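Sequence unavailable; structure follows:
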């Protein structure tokens, strides 16, 4: 272990952290450019075969950047896509980033350190960084923007150089150290452990923008929100935002175990999609989509009293046609992804004749991330963490997500030696309560022996 890592783990002062030398390399879960063709012609693109755990060189720090010691991270679906080299290898993104020149050129490497969620300790700051110092406990906003681009100052998500950290950039969070811009940092909620704080940034802020922000569906009190994939990372936070905002969540899940998970989050209205006969190839049959959409609408009316005002979409091809049908007249389908496929088909009559809206949403800007973080700081919203893995088993954790055997979010300890560390406000934690803070802990579908 390097002296810098030891200083961080010992809770050293800012002066002591600054005095410890930065190591020349660090341990990271990463991809190698030489492996990008390994899954050609392979049906099961098992991410455990492409993800490598090993030493990578420590990059130089740019003036507007911060070097953080990553205490914990988590698995997002962008890491799964990356490790499958789909839809294209992420080395393409690194080369694209590098074309900007200057400091961006560092990102084009024969390795790609993945990971877009992070709780961390600041260990170095660039010459242009003013608001942060070594020793600060932080979480990382996963959106990497160019603050010299005019569009960024209206909405960071509209800038042409906006990228997902650890997916479209290098030096991500599934590692002992990470490189981030100072405009990605927020204070870590003091009552949360490292792993609890790490699972929130990407999925929670994405769900916040989709539902609460005026750039998304702009949910109102009393709105009925149908949530696809409700037991997953995005869905687990969507349920909480709907309830916290005075709405009525209706969760769609695929198993009894996942139904238990959404009920643990306080969602009383649940639909098991297996009862609807939804299959992966159903989207190719317009008649079946229409029948199933009407059946789903009837179920929502029976459970909630009327058709949904908002449909929370991220599963994509398999469900999108149903979402357009089931939303109420004048309702909104808000989408941020397509885990079941990008090419959607839907009956456009239900869109134009019933005056519905489709809203595209991607990530969250810095202000939306801060608003989300405040909800965690107050305890109004809690982590959706179900399991914790060590970095040595990070590939196994990614496989759990790849095969949809998780509920909520799966955390990965990076530099933190064990779960339960990092709490600096035990009084607030006690007031909120352990059970409230960990409603999904231990509910992972298909447990793995390497889980902590």
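Arrived safely, thanks for sending. The structure presented is a predicted model; accordingly, all values stated were derived computationally and were not measured.

for the chain, what are the low-confidence residue spans?
444-451 (pLDDT under 70).

redo that, cut-off 90
For the chain, the stretches flagged by pLDDT under 90 are 1, 146-148, 159-161, 254-257, 273-284, 316, 337-343, 404-406, 442-452.

Grab the longest helix from it for me.
helix 286-304 (DSSP state H).

Give me the residues contacting that one.
224, 226, 248, 250, 269, 271, 276-278, 282-283, 306-308, 321-322, 324-326, 345-347 (CB atoms under 8 Å, 6 or more residues apart in numbering). (Glycine included, C-beta is placed from N, CA and C.)

How far does it sit from its chain's centre?
Between the centre of helix 286-304 and the centre of its chain there are 29 Å (CA atoms, centre = their mean, to the nearest Å).

what do you get for stretch 414-425?
20 Å.

and if you look at stretch 351-364?
22 Å.

Sort out which residues of stretch 80-100 are buried, please.
Under the neighbour-count criterion of 16 or more other CB atoms under 10 Å, stretch 80-100 has 80-85, 89-91, 93-94, 97-98 buried.

ok, which pair from these is furthest apart?
80 and 98 (24.1 Å; CB to CB).

Residue 441: how many residues sit nearby?
18 (other CB atoms under 10 Å).

For it, what are phi and psi?
Main-chain torsions, residue 441, degrees, to the nearest 10: phi -60, psi 130.

so how far is residue 189 from it?
Distance from residue 441 to residue 189, counting by CB to CB, to the nearest Å: 17 Å.

Check residue 249 too.
23 Å.

Then residue 222?
For residue 222 relative to residue 189 (CB to CB), the value is 29 Å.

These two - which one has more neighbours?
With neighbours defined as other CB under 10 Å, residue 222 and residue 189 compare such that residue 189 has more, 28 against 10.

Spit out the contact partners of that one.
139, 197, 373, 376, 377.

at 10 Å instead, please
With contacts defined as CB atoms under 10 Å, 6 or more residues apart in numbering, the neighbours of residue 189 are 119, 137, 139, 196-197, 200, 373-379, 382-383, 422-425, 428-429.

Need the buried ones from these selected in ChimeraX.
Typed into ChimeraX, the line below selects the buried ones among these, using 16+ other CB under 10 Å:
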select :119,137,139,196,197,200,373,375,376,377,379,382,383,422,423,428,429
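
quick one: which of the contacts of residue 189 sit in strands?
Judged by DSSP state E, strands contain the following of these: 119, 137, 139.

From those, pick the one nearest residue 403.
For the ones in strands among the contacts of residue 189, the nearest to residue 403 is residue 119 (25.8 Å; CB to CB).

circling back: can you list the ones in strands among the contacts of residue 189 in TSV and add distance to residue 212?
Putting the ones in strands among the contacts of residue 189 into TSV (distance: CB to CB, whole Å) gives the following:
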residue	distance to residue 212
119	23
137	26
139	19
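
Quick check: residue 71 is in a strand.
Yes: assessed by DSSP: H, G, I helix; E, B strand; the rest coil, residue 71 belongs to a strand.

List the contacts of the residue lying closest to it once chain neighbours are set aside.
Distances taken as CB to CB, 6 or more residues apart in numbering place residue 194 nearest to residue 71, at 3.9 Å, with adjacent residues excluded. Residues counted as contacts of residue 194 (CB under 10 Å, 6+ apart) are 70-73, 118-121, 137, 139, 188, 388, 411, 413-416, 418-423.

Just the buried subset of these, please.
Buried, going by 16+ other CB under 10 Å: 70-73, 118-121, 137, 139, 188, 388, 411, 413-416, 419, 422-423, out of these.

about what we covered before: just put the buried residues of stretch 80-100 in CSV and tack on distance to residue 20 and secondary structure.
Converted to CSV, those look like this (distance: CB to CB, whole Å; DSSP: H, G, I helix; E, B strand; the rest coil):
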residue, distance to residue 20, secondary structure
80, 35, helix
81, 36, helix
82, 31, helix
83, 33, helix
84, 38, helix
85, 37, coil
89, 36, coil
90, 32, coil
91, 33, helix
93, 33, helix
94, 29, helix
97, 30, helix
98, 30, helix
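
Can you show me the helices along the stretch 351-452 of the chain?
366-378, 394-402, 426-432, 434-437 (DSSP state H, counting those that start in this stretch).

Residue 248 touches residue 220, doesn't it?
No: counting by CB atoms under 10 Å, residue 248 does not reach residue 220; the two are 11.3 Å apart.

Which of these two has more residues huddled nearby?
residue 248 (21 against 11).

For that one, give me its contacts.
So residue 248 contacts 221-226, 242, 267-269, 303-306, 308-309 (CB under 10 Å, 6+ apart).

same thing with residue 122?
Contacts of residue 122 by CB under 10 Å, 6+ apart are 8, 14, 17, 66-69, 129, 132-138, 180, 182, 185.

What sits closest to it if chain neighbours are left out?
Using CB to CB, 6+ apart, the closest residue to residue 122 is residue 136 (4.3 Å).

for residue 208, same thing?
That would be residue 372: by CB to CB, 6+ apart, it lies 4.5 Å from residue 208.

Residue 204 too?
Nearest one to residue 204, counting by CB to CB, 6+ apart, is residue 237 at 4.4 Å.

which SS state does that neighbour fall under?
Classified using three-state DSSP, residue 237 is helix.

Share the number of residues neighbouring it, please.
Neighbour number of residue 237 under other CB under 10 Å is 31.

My read is that residue 93 contacts residue 172, right?
No: with contact defined as CB under 10 Å, residue 93 and residue 172 do not form a contacting pair (11.7 Å).

what touches both of these two?
Here residue 93 and residue 172 share the contacting residues 82, 112, 164, scored by CB under 10 Å, 6+ apart.

The stretch 201-350 of the chain: helices as residue ranges?
201-211, 233-244, 256-264, 286-304, 317-326, 348-352.

Same list (these) but as a markdown table, adding distance to residue 160.
Formatted as a markdown table, the helices of the stretch 201-350 of the chain follow (distance: least, CB to CB, whole Å):
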| stretch | distance to residue 160 |
| --- | --- |
| helix 201-211 | 19 |
| helix 233-244 | 25 |
| helix 256-264 | 37 |
| helix 286-304 | 35 |
| helix 317-326 | 26 |
| helix 348-352 | 28 |
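
Not counting sequence-adjacent ones, nearest residue to residue 319?
Counting by CB to CB, 6+ apart, the residue nearest residue 319 is residue 228, at 5.3 Å.

Provide a list of residues in contact with that neighbour.
So residue 228 contacts 234-235, 238, 251-253, 271, 273, 311-316, 318-320, 322-323, 335, 339-340 (CB under 10 Å, 6+ apart).

Name the residues of stretch 165-182 that are buried.
Going by neighbour count (16+ other CB under 10 Å), the buried part of stretch 165-182 is 165-182.

picking up where we left off before, is there a quick PyMOL command that grabs whichever of the contacts of residue 228 are buried?
Applied in PyMOL, the following selects the buried portion of the contacts of residue 228 according to 16+ other CB under 10 Å:
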select buried, resi 234+235+238+251+252+253+271+273+311+312+313+314+315+316+318+319+320+322+323+335+339+340
